[in-house]
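*Asks:* need a structure here:
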Amino acid sequence: MRSVVVSTAGWLLTAVIGAFALTRGDYALPLADVLRTLAGHGTLITYDVVVNNRLPRVLVGIGVGTAFAVSGAIFQRLARNPLVSPDLIGINAGAALAAVLMITVLGSGWIPLGALTGSLLAAMAVYLLAYRNGVSGHRLVLVGIGVTAIIGSLTAYLLTLADIYTAKAASMWLAGSLAGRSWTHVVLVGITVAVGLPAALASTRQLRLLELGDDLARALGGRVELARAALIAIGVGLAALATAAAGPVGFVALVAPQLARRLVPRRPGLLVPAAIGALLVVASDLLARTVVAPASLPVGVVTAFLGAPYLLFLLTRTNRI
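*Replies:* Here you go, the predicted structure:
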């Protein structure tokens with residue numbers, strides 16, 4: 001019941017903040033005009049502002065937050081380590097490297113395929129390097145940090161080879177931004193969540209078994225390696241395609257599952273971090289648009305500003321233990 005209440009409250013608050021975000025911008029609109037436009041009774045100007053510009057940005061933010069949060073929850077529970085998340089163990093970095101390669105060489109139309117391929121390769125590298133008769137959470141973090149550093153240097157090298165306009169576009173994408181999102185991005189992230197979230201929910205029992213350790217999971221009838229591979233594939237797919245839609249928005253995958261565990265201490269389901277992740281991204285994007293208005297910050301800057309102190313808290317707490 002507590003999970004249901006927290007999830008419902010998170011989604012309702014996300015909807016309220018998203019509706020408020022539709023009213024903000026260079027062309028301010030009252031909420032009544034926004035609702036009228038969404039109902040199909042607005043003018044051509046309000047339709048263009050709300051439906052073609054602001055609504056895709058909000059919807060992509062909700063989808064990206066959901067995908068990152070569920071991906072982070074999967075990896076943290078698999079590794080039994082609160083420091084494990086796609087943006088810290090090289091998965092988002094792999095997607096970013098491949099996406100920058102697509103931007104600078106093949107064009108932006110190949111970003112989703114490149115991000116997915118880069119994430120899969122990075123995840124395979126981290127898993128194989130960290131595997132020693134099983135996967136230790138701390139070893140996964142250390143290997144992931146090293147792989148992230150290597151991939152980051154390769155990404156920086158690609159940016160030095162690109163012309164100034166391409167490098168600027170890639171740098172903006174690397175910061176993690178919802179600016180200029182279109183209905184194409186909404187479709188991409190919508191398909192990602194529509195496929196990945198049910199798959200993750202269907203694998204919840206196997207995830208709970210793997211949290212008990214490989215030996216006990218086998219004793220209870222779990223197919224350990226197959227289940228782990230399937231869950232890793234789901235987590236990588238969610239993180240990769242969310243990165244393709246909005247760039248590597250940092251710390252959402254780290255913070256959302258931890259907040260979920262504190263709000264629902266008794267093993268929260270995956271829907272709780274999903275709601276919190278969506279809320280974090282939508283609220284952070286609203287802050288990014290209003291704090292330095294009329295200028296706008298990339299949403300990844302705000303999530304990093306909010307998430308970095310929490311990472312330091314987790315590091316000091318883990319070190320103390």
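
*Asks:* how many neighbours does the closest residue in space to A179 that isn't next to it in sequence have?
*Replies:* Leaving aside its sequence neighbours, A179 sits nearest to S296 (Cβ to Cβ, 6 or more residues apart in numbering; 6.4 Å). (Each C-beta comes from the backbone N, C-alpha and C, glycine too.) Residues within reach of S296, counting by other Cβ atoms under 10 Å, total 17.

*Asks:* cool, and the one 4 residues further on?
*Replies:* Other residues within reach of G300, judged by other Cβ under 10 Å, total 28.

*Asks:* roughly how far apart are the nearest residue to it once chain neighbours are set aside and A19?
*Replies:* Spatially, and ignoring its direct neighbours in sequence, G300 is nearest to G176 (2.4 Å; Cβ to Cβ, 6+ apart). Distance of G176 to A19, given as Cβ to Cβ, to the nearest Å: 23 Å.

*Asks:* okay, those two: which has more neighbours?
*Replies:* Ranked by neighbour count (other Cβ under 10 Å), G176 and A19 place G176 first, with 29 against 14.

*Asks:* pLDDT value on the more buried one, please?
*Replies:* What the model reports as pLDDT for G176 is 84.

*Asks:* pretty sure it contacts F305?
*Replies:* No: with contact defined as Cβ atoms under 8 Å, G176 does not reach F305; the gap is 11.9 Å.

*Asks:* that older thread, the residue nearest to A179 is in what secondary structure piece?
*Replies:* In the assignment (DSSP states H and E), S296 maps to no helix and no strand.

*Asks:* that one contacts D285, doesn't it?
*Replies:* No: contact criterion Cβ under 8 Å: S296 and D285 do not qualify, at 9.2 Å.

*Asks:* circling back: and the residue nearest to G300, its phi and psi?
*Replies:* phi 80, psi 100 (degrees, to the nearest 10).

*Asks:* distance check, it against L161.
*Replies:* The value you get for G176 to L161, if Cβ to Cβ is used, is 22 Å.

*Asks:* can you show me the helices along the stretch 51-200 of the chain?
*Replies:* 55-79, 91-101, 111-130, 137-161, 164-175, 183-202 (DSSP state H, counting those that start in this stretch).

*Asks:* send me the last one as CSV with only the CA atoms.
*Replies:* What it means is helix 183-202. Taking C-alpha atoms only, helix 183-202 is exported to CSV below (Å, rounded to 0.1, in the frame of the first residue of the first chain):
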residue,chain,number,x,y,z
TRP,A,183,7.4,14.2,-31.4
THR,A,184,10.1,11.9,-33.0
HIS,A,185,11.9,11.8,-29.6
VAL,A,186,8.5,11.3,-27.9
VAL,A,187,7.9,8.2,-30.0
LEU,A,188,11.4,6.9,-29.4
VAL,A,189,11.3,7.2,-25.6
GLY,A,190,7.6,6.1,-25.6
ILE,A,191,8.5,2.8,-27.3
THR,A,192,11.5,2.4,-24.9
VAL,A,193,9.3,2.7,-21.8
ALA,A,194,6.4,0.7,-23.3
VAL,A,195,8.7,-2.2,-24.0
GLY,A,196,11.3,-1.9,-21.3
LEU,A,197,9.1,-1.2,-18.3
PRO,A,198,6.7,-4.2,-18.7
ALA,A,199,9.8,-6.4,-19.3
ALA,A,200,11.4,-5.2,-16.1
LEU,A,201,8.2,-5.7,-14.1
ALA,A,202,7.9,-9.2,-15.5
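
*Asks:* give me the helices and strands touching it, please.
*Replies:* Under the contact definition 3 or more Cβ pairs under 8 Å, 6 or more residues apart in numbering; DSSP states H and E, helix 183-202 sits against helix 55-79, helix 224-246.

*Asks:* got it, and the second one?
*Replies:* On a contact count with 3+ Cβ pairs under 8 Å, 6+ apart, helix 91-101 meets helix 111-130, helix 137-161, helix 164-175, helix 224-246.

*Asks:* OK, contacts around the spatially most central residue of the chain?
*Replies:* The centroid of the chain falls nearest to F68 when counting by Cα atoms, centre = their mean (2.4 Å). Going by Cβ atoms under 8 Å, 6 or more residues apart in numbering, F68 touches P86, L238, A239, A242, V249, V252, A253, A256, G277, V281.

*Asks:* selecting buried members of those in PyMOL, what would you type?
*Replies:* Applying 16 or more other Cβ atoms under 10 Å to these, the buried members can be selected in PyMOL as follows:
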select buried, resi 86+238+239+242+249+252+253+256+277+281
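
*Asks:* relative to K168, which of the contacts of F68 is nearest.
*Replies:* The nearest member of these to K168, counting by Cβ to Cβ, is V249 at 19.0 Å.

*Asks:* the nearest residue to the closest one once chain neighbours are set aside and R36, how far apart?
*Replies:* Nearest residue to V249 in three dimensions, chain neighbours excluded: G176, at 3.8 Å (Cβ to Cβ, 6+ apart). Distance from G176 to R36, counting by Cβ to Cβ: 32 Å.
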